[in-house]
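Peer 1: A predicted structure for the sequence below; I have some questions about it.
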Amino acid sequence: MLVLKPIVNFLTSTRVAIVVMVVITLLSFIGATLPQGAADQAYVEAYGQLWGNLVRHLGLTHVFRTPYFSGLLLLLSIMVFSCSVKTLPRRIRLARRCEFIADEKRLEAMAAHADLVLGVDAEEAVLHVRDICRRRFYSVYREIRDGSTLLFASRLGFSRYGSFMLHLSFIFLLMGAISSTHLGSRHFREAPVGDEFVLPVSGGEEITVMVEDFNIEFDDNDHISDFICEVALVRDDNIFMRHSIRPNHPLKYGGREIYLQSYSEGMEGLVVSVYDSLGQIILPHLFLGLDDEVYVEELEARARIDLGLVPTVRLRLDSGALETYVVQEAVERSPAERYQFVIMYAVPSVIVYLEIVNEPFQGFIYVGLALLTVGTFVSLYLSHRRLWFKVSAEEGDRARVVFGGRSNRNQPGFRTEFEAIRETLNELA
């Protein structure tokens, strides 16, 4: 116990917590202002040899993934948990304690108190008090002491756990952030429409993601309303799922989330007509993709198109010879050229940019957000209200009721309720 006491004092120290939070704030500011993940030489060029190397050696080029930043977050989580556990027994005692007060001076010393003489006997007065409290959702406890009946009424005792829920939510959110940073992954994929790529998922499984289509939707005012990327998931050459990915509406499968980040429009290739030197047509339609080399049987050669300032077609003949032709806009009589390639139209293409996210412990964040929502509501809008009554018999079959109450928050609301209870009892006077 002597060894644990200094550790507990350290973990529950307010000064240490402030220092840890200040350091985390400074590191977060550095991570937000300093470009992260750039090449080492970029920092040397931007800040000079001395400061650039210092930034690299301190790990400030990837602050949020450094062991010391995660260690500080973990330490802060442990400190918050330690403080919460340290105060939890007292919260439980206050929330569950059933206390009876027979001393009228203690009741009269409370901020809300009253002293009434009712026109009913003591037993009936007790029944009225219990009925009034239970109608307001109080739990009522009874004890007889020295000829008087003592009542204790409590409502919303669990509201004392609101701050504890907030502490727990903070811990879960920090643990989720640490887990996502060090155990998760995030990378980008460039996929032309009609293309596919292999995606590893949980359990060692690999599936194929096919990008089938991309569309832009417009509203009634002809403004862009949505971007939709249609994908299909393939396993063993069979499509088992189709999904429409929209911004902020990812595809979720196998522990992976695929987000649509952006898109770009380009050109997939050209459709050309092929003529001989005399202007006689050889091929009316020939599609040449930008990155593909196709074999053209009529030309006995492999054809490939290159885009530059002037589009050209490169032919690799079966004999091994290489020939280059400029793509023309109209057919001409050109005895010097064996072939003429005349453009008919360009084939457009769309490339979508996908972000693939793997966050295996995302459940921590969901639990943290749920606790944050519940804890905030409980802490701000609910209060633990307690009432103490002493009912004594008076002459003439009458009863005297002395009572007082307390609330841990929302004092104006409690006073309003207390006055309503007093007015209800006063009708029996």
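Peer 2: Okay, I see it.

Peer 1: Helix or strand: which one has Val374?
Peer 2: Here Val374 sits within helix 362-381, counting by DSSP states H and E.

Peer 1: Give the next helix or strand downstream of that helix.
Peer 2: Trace forward from helix 362-381 with DSSP H and E and the next one is strand 385-394.

Peer 1: who does that next one pair up with?
Peer 2: Strand 385-394 has these partner strands in its sheet, going by DSSP bridges: strand 148-155 (antiparallel), strand 398-407 (antiparallel).

Peer 1: can you list those strands in JSON lines and add mean pLDDT, mean neighbour count and distance to Tyr366?
Peer 2: Any C-beta I mention is one placed from the backbone N, CA and C, and that applies to glycine too. Compiled in JSON lines, the strands paired with strand 385-394 are given as follows (pLDDT from 0 to 100; neighbours: other CB atoms under 10 Å; distance: least, CB to CB, whole Å):
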{"stretch": "strand 148-155", "mean pLDDT": "93", "mean neighbour count": "20", "distance to Tyr366": "31"}
{"stretch": "strand 398-407", "mean pLDDT": "93", "mean neighbour count": "21", "distance to Tyr366": "33"}
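
Peer 1: got TSV for those, with distance to Leu107 too?
Peer 2: TSV is the format used below for these (distance: least, CB to CB, whole Å):
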stretch	distance to Leu107
strand 148-155	10
strand 398-407	4
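
Peer 1: Assign Phe414 to helix, strand or coil.
Peer 2: helix (DSSP: H, G, I helix; E, B strand; the rest coil).

Peer 1: ranges for the helices of the chain?
Peer 2: Here the chain has its helices, by DSSP state H, at 4-11, 14-33, 40-57, 67-96, 104-108, 122-135, 162-183, 362-381, 411-426.

Peer 1: His285 is nearest to which of those helices?
Peer 2: helix 40-57 (48.4 Å; CB to CB).

Peer 1: Figure out how far the closest one is from the centre of its chain.
Peer 2: Here helix 40-57 is found 34 Å from its chain centre; the criterion is CA atoms, centre = their mean, to the nearest Å.

Peer 1: Could you check the angle that helix makes with helix 14-33?
Peer 2: 170 degrees (axes from the mean of the first three to the mean of the last three CA atoms, to 10 degrees).

Peer 1: Excluding chain neighbours, give the residue nearest to the residue nearest the centre of the chain in space.
Peer 2: Most central in the chain under CA atoms, centre = their mean is Ile365, positioned 6.4 Å from the mean C-alpha point. Nearest non-adjacent residue to Ile365, counting by CB to CB, 6 or more residues apart in numbering: Gly176, 3.7 Å away.

Peer 1: All set now, cheers.
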